[in-house]
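Peer 1: what follows is a predicted protein model with its sequence.
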Amino acid sequence: MDSVSLSEVTAIRRTHLGFMHSFRQQFSGVPISPKFCSSKVDGPKATLSSNTKSQSVYGGNIAATADSGYKINGVNLKSRTLISSVKERLLLDAYDDEYGGVIVDHGKLPSNPFAFASMLRASLSDWRRKGKKGVWLKLPVEQSELVPIAIKEGFEYHHAEKRYVMLTYWIPEEEPSMLPANASHQVGVGGFVLNQHKEVLVVQEKYCAPSITGLWKLPTGFINESEEIFSGAVREVKEETGVDTEFSEVIAFRHAHNVAFEKSDLFFICMLRPLSDKIIIDGLEIKAAKVNVIKKIAVRVSNNLLECSSCTY
Ligand SMILES: NC(=O)C1=CN([C@@H]2O[C@H](COP(=O)(O)OP(=O)(O)OC[C@H]3O[C@@H](n4cnc5c(N)ncnc54)[C@H](O)[C@@H]3O)[C@@H](O)[C@H]2O)C=CC1
């Protein structure tokens, strides 16, 4: 046996606070595992034996007796092995990324905020010593109490989703951060559904700016995560109007900035061939839909971008 498991170590009979305090005094900079926070556990003791006396591994002066022998459950161990083993286990679980950084394993985060704070600090020291660069820390919503701890340690928000927030830390002080920014765009699609009578499918939105209330427009919407532009256009038209279509081609796109909370917007108008003609509107989003004869289509080219600015029916 050349290492000691945390469950063995947690069995030390000490109250939580007393234990943490004495351990920190001896090991400033070495993080405390969450498992150490269980207190007053009856079980095997970890003891350190020298020629002169026996004492608790983490409560006593372990640093001063680093070469001494000690026992856990009656097994003799080398204390240096124990120290390095415990140190390893008291760091956050993480794996390397391909850019010289690390990604913390969010499935193995300690549940105790004090343990997290300590392990995070020690891990940062360890990664810094190893020359690591970017650190990615994903904190699930169930452990949101860890967010302010990481922020206090110097982490920054990167992005958030419904179930987690992603934080980052750039270690090299002499180099600018090379971490990529969060996604900067939303992607929208519009369906230009033209039938054999040169009629185009148009809708009136239920919720829109007062200035465009009652305007007949193309069915539009946002593509879903991991959805293709062409299938997103077909889906949006089906959802809003009930009309089945088939994708033909992208006929225009527009790139606009500061659209949604400072994010940009890429909008693709897709030519779609109708496969059915029965209109069933989606009452949630759409007030009315119809096919109408095209009178005029305004398309202009600006800054090398083809922009479909409006359609008049
Ligand atoms: N609506 C239009 O007339 C035009 C739309 N586009 C483009 O079409 C794409 C999709 O835009 P739209 O169809 O206008 O999307 P939208 O803003 O109408 O949003 C689609 C649906 O999402 C929901 N939604 C969006 N924001 C919401 C909020 N803050 N609170 C509650 N519900 C919300 C609503 O149910 C809405 O019907 C974009 O890329 C846009 O640039 C381009 C030109 C004109």
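Peer 2: Right, received. Where do you want to start? As the structure is a computational prediction, the values presented were derived from the model and not from experiment.
Peer 1: low-confidence ranges in the stretch 51-200 of the chain?
Peer 2: Along the stretch 51-200 of the chain, the model assigns pLDDT under 70 to residues 51-89.
Peer 1: list the contacts of the residue in it that the ligand sits nearest to.
Peer 2: In the stretch 51-200 of the chain, the residue that lies nearest the ligand is Gly188 (1.8 Å; CB to the nearest ligand atom). For glycine as for every other residue, the C-beta is placed from the backbone atoms N, C-alpha and C. Applying CB atoms under 8 Å, 6 or more residues apart in numbering to Gly188 gives the contacts 220-223, 265-268.
Peer 1: show me where the chain has helices.
Peer 2: 6-9, 16-26, 79-89, 113-129, 147-152, 229-241 (DSSP state H).
Peer 1: tell me what the residue of the stretch 51-200 of the chain closest to the ligand is bridged to.
Peer 2: Per DSSP bridges, the residues bridged to Gly188 are Phe222, Phe267.
Peer 1: domain-wise, how is this structure divided?
Peer 2: Domain assignment of the chain by automatic domain parsing yields the ranges 6-89, 94-170, 185-312.
Peer 1: from the contacts of Gly188, which single one is nearest His197?
Peer 2: Using CB to CB, Thr220 is the member of the contacts of Gly188 that lies nearest His197, at 22.8 Å.
Peer 1: what about that closest one, neighbour count?
Peer 2: If you count neighbours by other CB atoms under 10 Å, Thr220 ends up with 18.
Peer 1: Ala256 too?
Peer 2: Applying other CB under 10 Å, we find 14 residues neighbouring Ala256.
Peer 1: next: Met119.
Peer 2: So Met119, with other CB under 10 Å, has 24 neighbours.
Peer 1: from Glu142, how far out is it?
Peer 2: Shown here: Met119 relative to Glu142, a distance of 18 Å by CB to CB, to the nearest Å.
Peer 1: likewise for Phe261?
Peer 2: To Glu142, Phe261 is 26 Å away according to CB to CB.
Peer 1: do the same with Val200
Peer 2: 49 Å.
Peer 1: what's the answer for Leu266, then?
Peer 2: As judged by CB to CB, Leu266 and Glu142 stand 34 Å apart.
Peer 1: neighbour count: those two, which is higher?
Peer 2: Each of Leu266 and Glu142 has its neighbours counted (other CB under 10 Å); Leu266 has more, 17 against 11.
Peer 1: what's the pLDDT at that one?
Peer 2: We have a pLDDT of 98 for Leu266.
Peer 1: just to check, it is in contact with Val250?
Peer 2: No. Under the criterion of CB atoms under 8 Å, Leu266 makes no contact with Val250, lying 11.2 Å away.
Peer 1: the ligand contacts on the stretch 101-250 of the chain?
Peer 2: The stretch 101-250 of the chain comes close to the ligand at residues 188, 190, 207, 217, 220-222, as judged by CB under 6 Å from any ligand atom.
Peer 1: quick check, nearest of those residues to Ala256?
Peer 2: Of those, the one sitting nearest to Ala256 (CB to CB) turns out to be Gly188, at 9.6 Å.
Peer 1: pull up the pairing partners for the lengthiest strand in the chain, direction included.
Peer 2: Scanning the chain for the strand with the most residues, using DSSP state E, yields strand 245-260. When pairing is defined by DSSP bridges, strand 245-260 lines up against strand 263-274 (antiparallel).
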